[in-house]
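Colleague: got a sequence here, can you build the structure:
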Amino acid sequence: MKKFFTLTLLLLLTAVTAVQAQVNFSVKYKRVNSTTIDIIFTGTAQPGWHIYSTNIGEGGPTRAEFGVDKIKGAKLKGSLKAGPGAKTMQDPIFEMPVTFFEGHATFTQRVELLDKDYELKGYLKYGACNDENCLPPTSVNAKVAGTDGPAPTAESKAEEAAAAAAQGNALTTATDSLAATATDSAAAMAQVQPLDSAQTQALWTPVIKELKNFGSDTGDMTGKAWYYIFFLGFVGGLVALFTPCVWPIIPMTVSFFLKRSGDRRKGVRDAITYGVSIVVIYVALGLIITTIFGANALNDLSTNAVFNILFFLMLVVFAASFFGGFEITLPSKWGDAVDNKAEKTTGLLSIFLMAFTLSLVSFSCTGPIIGFLLVEVSTSGGSALAPTIGMLGFAVALALPFTLFALFPTWLKSAPKSGGWLNNVKVVLGFLELAFALKFFSVADLAYGWHLLDRETFLALWIVIFALLGIYLLGAIKFPHDDEDERHTSVPRFFLALISLAFAVYMVPGLWGAPVKAVSAFAPPISTQDFNLDPVKIEAKFTDYEAGMAYARQTGKPVMVDFTGHGCVNCRKMELAVWHDAKVRDLLTKDYVLISLYVDEKAPLPEPIEVQENGQATTLRTVGDKWSYLQRSKFGANAQPFYVLLDNNGRPLNSSYSYDENIDKFVTFLKKGLDNYNKQ
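Modeller: Residues are numbered from 1 along each chain as shown. Predicted coordinates:
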């Protein structure tokens, strides 16, 4: 029997990051020589957030750029330069490599002085995202001015004039782009009565309080993640109970405590202490993991291709173990040492050591389940205590039968006896771990752009895995540790086989583009599918707020305002996973006027707009700046995707909605807004 020392591997599977968005930049100026100044932007991002670099192609997320509002007696020397530490990965949504910084980012713009009197007003524009939201393109202002430049020369004056001409040409090109983006809105607005100034002003009136009254909450989701992680751990603990390493131990251990002394009350107390000790041991494991890795490991684990390949290989090994290929055990001397120590010790310490012995000797069954649990926790978000919370749920479920059977010993007589069904449980778990292993390989495949596991390939493998699981449950496949004498299929196994085979058949239409919603959270995005019979696109008629609202007023329809971005990854996920659903598609196209406002639209406004925000003057230079300001000032939000339902006067009809791929929840969100509009 081969032994695998996987405890160290399990400790690699961890943890968490905060979900609140914050990216801060500071600016400093360095005089390189008498004619050169460096403007240095230094950014700090909270864990989980990344700042995009400069070398990102067109059609990708918002890249860092330096813009100029005013320049005199100087010129830019080269483009904005990114500092060291950038990472490059293949983005599955944009299908292109993207470069970004995590934690810290530095950008430098060099300025060459051409005249004794010089002035430059410019700004860094950057984009930042985490796994759920993106900030709108954000500007960091910079100003360079002085009278200590070089004496002007004919050559420097010519360079200054050329720089001014280039800036003017760029403005003209961007203005043409703005006109092009307005074409669809203009066509739709051809027969629409424009709004007057009072109506337009009403559309910009803040409705933050009204949204809160509806219960809008787009903030921290950590609390909800805690419940999910605890539940996941609890389910894992329940599954671990029904394995050959744990289930046979329960009646023996409870009987031992009840017979240990003639006092049943003392036996019950000892059994409860045993259960509490199990909880303490596994919670301590979670705390150790959190202490070793800290709160910043989650983003690396969830997005890093190497870690996901490691998870994939580990789960495949676990599956092979459950199939009977080998056993994953800890060194036997560890269990023997703890067991001997327990025999020599009395009181509560001996009970704790017995619980620790259980943890060691059952590792061949619980280890793969704990490993899968920690993998899922590591890639599902949460708080810095996520491993601890997961282990708490696991331990509570594992310790529960020891306590209950001690309190109600007559239940032991009705408990199922050990037998071949325990091996069946292990094999079923092996199939499930093999299926979930593909999820992690998919992340690596998307990150590197291998296209080895596109959506149809993933679904084909899942169809085969769950079909084989159904065939196994019907007794047509045998593994090394299965009972060869078993000649019939029990009723529970038959129904489990029926479910597994039906699930395999359910996924078959997905090979031709069907949404198969039950696996949408695990399968690669539908954009990776080569053959799709349903290439539906849901696009907004309007990309201008006032124009869309005027059209809605005339047609008598409510509005869904979609604050989005060309570089917003999760906006594309929502559009692919949720908007393409038939129920959502009908509501958006038939019952609502859809307005998509791109907060990273770079087309310039006819002229910059100065607004007061939080007691400070803010300059709106582009169309994207305008929509970003609308989102902040009217709705009190600053991340995308962000959806809000409005009546024809710009008042909310429901709470806001952020990134959540639950289709039923989104349909309820739309229907509630429509009902409130009809009541008006």
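Colleague: residues near residue 105, how many?
Modeller: The number of residues packed near residue 105 is 25, by other CB atoms under 10 Å. Using the backbone N, CA and C atoms, a C-beta is placed for each residue, glycine as well.
Colleague: and what of the one 5 residues further on?
Modeller: By the other CB under 10 Å criterion, the neighbourhood of residue 110 contains 18 residues.
Colleague: when you give positions from now on, start the count at 33
Modeller: Got it, first residue is 33 now, which makes that one residue 142.
Colleague: next one, pLDDT for the closest residue to it other than its chain neighbours please.
Modeller: Nearest non-adjacent residue to residue 142, counting by CB to CB, 6 or more residues apart in numbering: residue 109, 4.2 Å away. Turning to residue 109, the model gives it a pLDDT of 90.
Colleague: same check, this time on the one 5 residues further on
Modeller: According to the predicted model, the pLDDT of residue 114 comes to 93.
Colleague: got the phi and psi for the residue nearest to residue 142?
Modeller: Dihedral angles of residue 109 (phi, psi; degrees, to the nearest 10) stand at phi -110, psi 90.
Colleague: centre of the chain versus the helix or strand hosting residue 627, how much separation?
Modeller: Element membership of residue 627 [criterion: DSSP states H and E] is strand 625-630. Relative to its parent chain, strand 625-630 has a centroid offset of 24 Å by CA atoms, centre = their mean, to the nearest Å.
Colleague: so which elements touch it?
Modeller: If you count contacts as 3 or more CB pairs under 8 Å, 6 or more residues apart in numbering; DSSP states H and E, strand 625-630 packs onto helix 577-587, strand 591-596, helix 655-667.
Colleague: can you list the domains in the chain?
Modeller: For the chain, automatic domain parsing gives the domain ranges 52-179, 232-250+567-711, 254-450.
Colleague: residue 631: which of the helices and strands packed on strand 625-630 is closest?
Modeller: Closest to residue 631 of the helices and strands packed on strand 625-630 is helix 655-667 (CB to CB; 4.2 Å).
Colleague: circling back to that earlier point, make TSV from the domains of the chain and add distance to residue 546 to it.
Modeller: Formatted as TSV, the domains of the chain follow (distance: least, CB to CB, whole Å):
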stretch	distance to residue 546
domain 52-179	20
domain 232-250+567-711	11
domain 254-450	26
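Colleague: for those domains, which one sits closest to residue 524?
Modeller: domain 254-450 (10.8 Å).
Colleague: contacts for the helix or strand containing residue 532?
Modeller: Per DSSP H and E, residue 532 falls inside helix 523-539. Helix 523-539 has contacts (CB atoms under 8 Å, 6 or more residues apart in numbering) with 456, 460, 491, 494-496, 498-499, 501-507, 521, 548, 550-551.
Colleague: try it again at 10 Å.
Modeller: 453, 456, 460, 463, 490-492, 494-508, 518, 520-522, 546, 548, 550-551, 555 (CB atoms under 10 Å, 6 or more residues apart in numbering).
Colleague: just the buried residues of those.
Modeller: Among the contacts of helix 523-539, the ones that count as buried by 16 or more other CB atoms under 10 Å are 453, 456, 460, 463, 490-492, 494-495, 497-502, 504-507, 546, 548, 551, 555.
Colleague: element containing residue 154?
Modeller: strand 150-161.
Colleague: show me how far that strand is from its chain's centre.
Modeller: 29 Å.
Colleague: and what of stretch 82-91?
Modeller: Using CA atoms, centre = their mean, the offset of stretch 82-91 from its chain centre is 20 Å.
Colleague: residue 355 touches residue 464, doesn't it?
Modeller: No: using CB atoms under 10 Å, residue 355 makes no contact with residue 464, being 11.8 Å away.
Colleague: buried ones in the helix or strand following the strand holding residue 154?
Modeller: Downstream of strand 150-161, the next assigned helix or strand under DSSP H and E is strand 166-178. Within strand 166-178, the residues scored as buried using 16+ other CB under 10 Å are 166-172, 174, 176.
Colleague: export strand 166-178 as CSV, just CAs?
Modeller: Provided in CSV are the C-alpha atoms of strand 166-178 (Å, rounded to 0.1, in the frame of the first residue of the first chain):
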residue,chain,number,x,y,z
CYS,A,166,-14.4,47.4,-12.1
LEU,A,167,-13.8,51.0,-11.2
PRO,A,168,-14.6,53.5,-14.0
PRO,A,169,-11.6,55.0,-15.7
THR,A,170,-10.2,57.3,-13.0
SER,A,171,-8.0,60.4,-13.4
VAL,A,172,-5.1,61.6,-11.3
ASN,A,173,-4.2,65.2,-12.0
ALA,A,174,-0.7,66.5,-12.4
LYS,A,175,0.7,70.0,-13.0
VAL,A,176,4.2,71.2,-14.0
ALA,A,177,4.9,74.9,-14.2
GLY,A,178,7.9,77.2,-13.7
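Colleague: by how many degrees do that strand and strand 150-161 diverge?
Modeller: 160 degrees (axes from the mean of the first three to the mean of the last three CA atoms, to 10 degrees).
Colleague: quick check: angle from strand 166-178 to strand 625-630?
Modeller: Interaxial angle of strand 166-178 relative to strand 625-630 (the same axes, to 10 degrees): 40 degrees.
Colleague: tell me where the stretch 333-482 of the chain is predicted with low confidence.
Modeller: 333-337, 358-380, 390-397, 399-400, 403-418, 441-454, 478-481 (pLDDT under 70).
Colleague: and the helices in it?
Modeller: 337-354, 364-376, 380-393, 395-410, 418-439, 443-446, 452-480 (DSSP state H, counting those that start in this stretch).
Colleague: can you name the residues that contact residue 66?
Modeller: 145, 180-182.
Colleague: so which of those residues is the most crowded?
Modeller: Busiest of the contacts of residue 66 [other CB under 10 Å] is residue 145, holding 24 neighbours.
Colleague: what are the bridge partners for that one, then?
Modeller: In this entry, residue 145 is beta-bridged to residue 106, by DSSP bridges.
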